[in-house]
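**Student:** coords below, sequence missing:
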């Protein structure tokens, strides 16, 4: 190759051609440095016939500066980048940036200096020094990272270095991870588990694309079952990717993995330090044959890492909405994982107790192979589910828990058993207003009310992160002591439990309180050791946790998910409540689930109470078929936004005037989005419904190409949307 075409990471740049200097070896997928004007840029060498652009005369080509010391991106990964960009109407540059997600990993092997406590005491102790010493026990990191961990300035830490209290340590950034042993602690599986595990092991050995839907009830041992094909993949010297929907689940999974394989897997999520990301990225790109990563456990972004020899993908809790990214490249990791497995020619396992309707339809049509685990492991029984009709069994005035649920909590506490109360609403109250003048606290950046968080003494927007302290007086009328919390959040429910059961040990489990793997691990340890009597939590506690002494689950507001304009509301409500119900009775003691509802006749609530999942899915399937909704039709959304409301509205109207007209295609809008103001930007929305045979992406891209939008206007395309705000 004497000339190459580069895919750069800047979507504003066109395709760029470069000359390859004599003696330099370059192949497709190589990551290189190239000149652009007075600066240098990073790019990926791409096949010219797959990256069309105007060819520059050879005499005008500038030479590549260097090939970076990382393995070239494989052909399978390059095809995945192309497919993701094409399917989700996203720039290829943006997708490629997710692959090269650690800039530090692109340099060669190197060392760095980290710091740790020596155990000595300083001659002069100050409150800040004492705080640093207390909080940095067992920690080793850079000065900047230690500063963030301890909450003191870098100057304070450097003073401790000079005093000999903190010492520098030279470490190799790319030191290898401890290898996993596939035969470390092989479990005794049930006959059902052995049959399913055997089918998956055979698929791993076959080295061919094979999508599986592992449909097992809560507590059936899905994790232990898919550990067996993971073990076989490790024996073959290949790599495994396990996707989890929440960072909070990582610590629980890591413990189970280490118990089975004798070593922890490589992690990939947003809480990793930059040095940890670099180490993981390079280990993943090297592969097991070169001492690199064997098993990677991560959030959805781990799907785009440059695996050297991927042999298996597992998507745990595959129904979870958090696998869909709502900004940037709006991809669904569940679906992209199937495509990556297809390009890599490997098996992929979608594991869930409540599969997405789309996945069930793919299994019914024979595209996925469905594997069932219909009963709980070890003889445990599924919990009994009953409804509390709040129109008949009303809570006491000023309270949110019905008498029957309160009695059940008291009974479990007397027996020394654990209870879980579920309400998918963070904070203390979703709305705060003035009882004197009616003023409501609203986010200045979004069309949303500020949520009161009493544990941290703040009013917060859950959309943009805006925070403020609760004022002593009403900002509108100036009246003191007049602010009223309206509606319950988990903190308010926890306060009510503390009043009813003053001797109970209560834990609030939300993304606010379990916001790091370490805090999640502490919560799990306390719950497993019986140090918690009542857990009050959001959707974070609906999945992945196994507490044998938890025998009661109370759903505070089973109707909450049915409100609003979510087109998948019924399915998501069923999945969420079925998952949280599955936390009860996982040990030897029977479980009970109480659903507080004002609509016990609603199909989803009735199906949950009767334990008739098949009937619910059949009814939901027919409703989707009639509406032309996924999986029988397709949805897409176009969001037009600007900091200027008039500019956004005009751009949306102009785009609406040029809308395409085609058979089997319906375009609704433009209309103000339900969240008409988000992060300081005014938003208008189109919703598109099309049959499966329509070339939806091509129609959308051709439609958008007919307009030139002002610089302040942003256009977002969301294929297969899950969020309708």
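**Tutor:** On my side now, so go ahead. These numbers were taken from a predicted model, which means no experiment stands behind them.
**Student:** So what touches stretch 188-201?
**Tutor:** 212, 214, 220-221, 224-226, 228-229, 232, 347, 349, 369, 371-375, 377-378 (Cβ atoms under 8 Å, 6 or more residues apart in numbering). All C-beta spots, glycine's among them, are computed from the backbone N, C-alpha and C.
**Student:** from the residues you listed, which ones fall inside helices?
**Tutor:** Within the contacts of stretch 188-201, residues falling in helices by DSSP state H are 224, 225, 226, 228, 229, 232.
**Student:** so who does the fifth one touch?
**Tutor:** Residues near residue 229 by Cβ under 8 Å, 6+ apart: 197, 200, 201, 203, 204, 312, 347, 349.
**Student:** Neighbour-wise, which one of the residues you listed leads?
**Tutor:** residue 349 (30 neighbours; other Cβ atoms under 10 Å).
**Student:** Poorly predicted segments of the stretch 201-350 of the chain, please.
**Tutor:** Along the stretch 201-350 of the chain, the model assigns pLDDT under 70 to residues 248-249.
**Student:** Type out the ChimeraX command that picks the buried ones from the contacts of stretch 188-201.
**Tutor:** To isolate in ChimeraX the members of these that are buried, counting by 16 or more other Cβ atoms under 10 Å, one can use:
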select :212,214,220,221,224,225,226,228,229,232,347,349,369,371,373,375,377
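**Student:** Got the domain ranges for this structure?
**Tutor:** Using automatic domain parsing, the domain ranges for the chain come out as 3-100, 111-172, 191-378, 380-425+488-621, 633-719.
**Student:** Of all the residues in the helix or strand containing residue 255, which ones are buried?
**Tutor:** Using DSSP states H and E, residue 255 sits in helix 250-261. Burial within helix 250-261, assessed by neighbour count using 16+ other Cβ under 10 Å, is assigned to 250, 251, 252, 253, 254, 257, 258, 260, 261.
**Student:** Just the closest of the residues you listed to residue 442, please.
**Tutor:** residue 250 (35.1 Å; Cβ to Cβ).
**Student:** was I right about that closest one contacting residue 266?
**Tutor:** No. Taking contacts as Cβ atoms under 8 Å, residue 250 lies outside contact range of residue 266: 11.5 Å.
**Student:** Check which residues of the lowest-mean-pLDDT helix or strand in the chain are buried.
**Tutor:** Within the chain, confidence by mean pLDDT, DSSP states H and E is lowest for helix 517-528 among all helices and strands, at a mean of 84. Buried residues in helix 517-528, defined by neighbour count with 16+ other Cβ under 10 Å: 517, 520, 521, 523, 524, 527, 528.
**Student:** could I get the residues you listed as CSV with distance to residue 339?
**Tutor:** Shown next, in CSV, are those (distance: Cβ to Cβ, whole Å):
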residue, distance to residue 339
517, 29
520, 30
521, 33
523, 35
524, 33
527, 37
528, 38
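**Student:** on that earlier part again, reformat the domains of the chain as CSV; add distance to residue 444.
**Tutor:** Shown next, in CSV, are the domains of the chain (distance: least, Cβ to Cβ, whole Å):
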stretch, distance to residue 444
domain 3-100, 29
domain 111-172, 28
domain 191-378, 20
domain 380-425+488-621, 21
domain 633-719, 8
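**Student:** Residue 451: which of those domains is closest?
**Tutor:** Of the domains of the chain, nearest to residue 451 by Cβ to Cβ is domain 380-425+488-621, at 6.8 Å.
**Student:** how distant is the closest one from the center of its chain?
**Tutor:** Offset of domain 380-425+488-621 from its chain centre (Cα atoms, centre = their mean, to the nearest Å): 22 Å.
**Student:** Quick one: end-to-end distance for it.
**Tutor:** This stretch, domain 380-425+488-621, spans 30 Å end to end (Cα to Cα, to the nearest Å).
**Student:** What is the burial count for residue 330?
**Tutor:** Burial of residue 330 is recorded as 21 neighbouring residues (other Cβ under 10 Å).
**Student:** Run through the residues that contact it.
**Tutor:** Contacts of residue 330 (Cβ under 8 Å, 6+ apart): 88, 90, 324, 716, 717, 718, 719, 721.
**Student:** how close does the first one sit to residue 586?
**Tutor:** With distances taken as Cβ to Cβ, to the nearest Å, residue 88 is found 38 Å from residue 586.
**Student:** what's the distance between the helix holding residue 255 and the middle of its chain?
**Tutor:** 19 Å.
**Student:** And the contacts of that helix?
**Tutor:** Applying Cβ under 8 Å, 6+ apart, the external contacts of helix 250-261 come out as 180-182, 184-185, 187, 223-224, 227, 231, 234, 242, 244, 264-265, 267, 269, 295, 297, 316, 517-518, 520-521, 524, 544-546.
**Student:** now the angle from that helix to helix 517-528?
**Tutor:** Per axes from the mean of the first three to the mean of the last three Cα atoms, to 10 degrees, the angle that helix 250-261 makes with helix 517-528 is 70 degrees.
**Student:** can you tell me which residues contact residue 552?
**Tutor:** Counted by Cβ under 8 Å, 6+ apart, residue 552 has contacts 408, 409, 412, 417, 418, 419, 420, 584, 591, 592, 593, 594.
**Student:** Now render those residues as JSON lines, adding secondary structure, neighbour count and pLDDT.
**Tutor:** Formatted as JSON lines, those follow (DSSP: H, G, I helix; E, B strand; the rest coil; neighbours: other Cβ atoms under 10 Å; pLDDT from 0 to 100):
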{"residue": "408", "secondary structure": "helix", "neighbour count": "22", "pLDDT": "97"}
{"residue": "409", "secondary structure": "helix", "neighbour count": "22", "pLDDT": "97"}
{"residue": "412", "secondary structure": "helix", "neighbour count": "23", "pLDDT": "97"}
{"residue": "417", "secondary structure": "coil", "neighbour count": "19", "pLDDT": "96"}
{"residue": "418", "secondary structure": "strand", "neighbour count": "24", "pLDDT": "96"}
{"residue": "419", "secondary structure": "strand", "neighbour count": "28", "pLDDT": "97"}
{"residue": "420", "secondary structure": "strand", "neighbour count": "28", "pLDDT": "97"}
{"residue": "584", "secondary structure": "coil", "neighbour count": "29", "pLDDT": "93"}
{"residue": "591", "secondary structure": "coil", "neighbour count": "23", "pLDDT": "95"}
{"residue": "592", "secondary structure": "strand", "neighbour count": "19", "pLDDT": "96"}
{"residue": "593", "secondary structure": "strand", "neighbour count": "27", "pLDDT": "97"}
{"residue": "594", "secondary structure": "strand", "neighbour count": "26", "pLDDT": "97"}
